[in-house]
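**Student:** Sharing a model that was predicted from the sequence below.
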Amino acid sequence: MRLVNVAAGQLGPIARSETRSEVVARLSGLMRQARESGCDLIVYPELALTTFFPRWYMEDQAEIDRFFEREMPGPETQPLFALAGELGIGFYLGYAELTVEDGLVHRYNSSILVDKRGAILAKYRKVHLPGHAQHEPWRKFQHLEKRYFEPGAGFGVAEAFGGVIGMAICNDRRWSETYRVMGLQGVEMVLIGYNTPVHNPPAPEHDDLSLFHNQLVMQAGAYQNGTWVIGVAKAGVEEGVDQIGGSCIIAPSGEVAAACITKGDEIALARCDLDLCNSYKSTTFNFDVHRQPQAYRLIVERKGRNLMADGTAAPSA
């Protein structure tokens, strides 16, 4: 047995007026609860340090950049890293990242994996950015991730906590490629933070299915890749927008091992044996034996039905 005791560190709403320090105090409270329960790792939501700002259309770049972190840890987030080292517990944290690379400013929807000493082990930048880039005032609220972020480059894994750990963020969980790319690297636990509204303005007929779809895709990803999946929400009515909860810990069998039951600050706990992955990875989903990659070429050749991966028109059948 290779046990990792994990806490899903769900957050309730974060007000636009709430400071980083106030949020870090809430995160620290959840971390203390998790460690008191014997946890090795706590997983926080996407963009866990602020309200979900892509719901507003903004043109002032200075206003937008107030939601971004220029360093990690920074002065306001350092106490969380120090507490992790003091308690001996790792964490996953989602946040908006502003970085300068080769003289160019980049903005990402990012997450980090931090070890029990409070040191950053790995970083992930969200690949599947949902929503839109232009102002769409007909919506009840905006979803401007395509305006405020650029997509990340891929899905890596890290050796940590005695196993192989991967990360994804929110909309990534809906795409089977997310799990499979990490599955091909032997992933044993995928950490996912999310902010998901109940209402989907372009498709309101999906609203009643929000929680079902949330759990469906993570259970499928877990089972089809023989991995644990930890999905953690920022939930509740935040600045007038109702967000789903449904934070849960899913076993390699696809079964839900633990779940949050409120839409507020809460932890759900599970004793995750990474060796449970082995029976799925060595039988039904033994990739070396059963996969037929030569039959999957369209997955990388085409972006969609009508476009090739390079953006040119796809040939007709």
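**Tutor:** Yep, that arrived. Residues are numbered from 1 along each chain as shown.
**Student:** can you map out the helices along this protein?
**Tutor:** With DSSP state H as the criterion, the chain has helices at 20-36, 61-65, 78-87, 145-148, 176-183, 210-225, 278-281, 287-290, 297-301.
**Student:** In TSV: those helices, plus mean neighbour count, distance to Trp138 and mean pLDDT.
**Tutor:** All C-beta spots, glycine's among them, are computed from the backbone N, C-alpha and C. Listed next are the helices of the chain as TSV, based on neighbours: other C-beta atoms under 10 Å; distance: least, C-beta to C-beta, whole Å; pLDDT from 0 to 100:
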stretch	mean neighbour count	distance to Trp138	mean pLDDT
helix 20-36	17	31	98
helix 61-65	13	22	97
helix 78-87	17	39	98
helix 145-148	20	16	98
helix 176-183	21	30	98
helix 210-225	20	21	98
helix 278-281	16	45	98
helix 287-290	10	45	98
helix 297-301	11	34	94
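**Student:** Now do Gly154: how many residues are near it, please.
**Tutor:** Residues lying near Gly154 (other C-beta atoms under 10 Å) number 10.
**Student:** my guess is it contacts Val181, does it?
**Tutor:** Yes - shown here, Gly154 and Val181 form a contact pair, counting by C-beta atoms under 8 Å, at 7.1 Å.
**Student:** just to revisit the earlier point, so for Val114, which of the helices of the chain sits nearest?
**Tutor:** When the helices of the chain are compared by C-beta to C-beta, helix 78-87 sits nearest Val114, at 6.0 Å.
**Student:** buried set for stretch 124-140?
**Tutor:** By neighbour count with 16 or more other C-beta atoms under 10 Å, stretch 124-140 contains the buried residues Tyr124, Arg125, Lys126, Val127, His128, Leu129, Gly131, His132, Arg139.
**Student:** my bad, stretch 223-240
**Tutor:** For stretch 223-240, by 16+ other C-beta under 10 Å, it's 223-236, 238-239.
**Student:** what does stretch 151-170 give?
**Tutor:** Applying 16+ other C-beta under 10 Å to stretch 151-170 flags 152, 155, 157-158, 160-161, 163-170 as buried.
**Student:** what would the helices of the chain look like in CSV with distance to Val198?
**Tutor:** Shown next, in CSV, are these (distance: least, C-beta to C-beta, whole Å):
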stretch, distance to Val198
helix 20-36, 22
helix 61-65, 25
helix 78-87, 29
helix 145-148, 18
helix 176-183, 23
helix 210-225, 5
helix 278-281, 32
helix 287-290, 36
helix 297-301, 31
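**Student:** of all those helices, which lies closest to Gly103?
**Tutor:** helix 61-65 (17.1 Å).
**Student:** which regions of this protein lie under the pLDDT threshold?
**Tutor:** Low-confidence segments of the chain, defined by pLDDT under 70: 317.
**Student:** Please enumerate the strands of it.
**Tutor:** Per DSSP state E, the chain carries strands over the ranges 3-10, 41-43, 90-101, 104-114, 120-125, 157-160, 163-169, 189-194, 228-233, 236-238, 241-243, 248-250, 256-259, 266-273.
**Student:** name the helices or strands packed onto the fourth one?
**Tutor:** Using 3 or more C-beta pairs under 8 Å, 6 or more residues apart in numbering; DSSP states H and E as the contact definition, the elements that strand 104-114 packs against are strand 90-101, strand 120-125, strand 163-169, strand 189-194.
**Student:** The third one relative to helix 210-225, how many degrees between them?
**Tutor:** The one in question is strand 163-169. Using axes from the mean of the first three to the mean of the last three C-alpha atoms, to 10 degrees, the direction of strand 163-169 lies 150 degrees away from that of helix 210-225.
**Student:** and strand 163-169, how far from the chain's centre?
**Tutor:** 9 Å (C-alpha atoms, centre = their mean, to the nearest Å).
**Student:** now do the longest one
**Tutor:** Taking the mean of its C-alpha atoms, strand 90-101 sits 12 Å from the chain's own mean (C-alpha atoms, centre = their mean).
**Student:** where's Glu239 relative to Asn195, distance?
**Tutor:** 11 Å (C-beta to C-beta, to the nearest Å).
**Student:** Same check on Asp207?
**Tutor:** In terms of C-beta to C-beta, Asp207 sits 16 Å off from Asn195.
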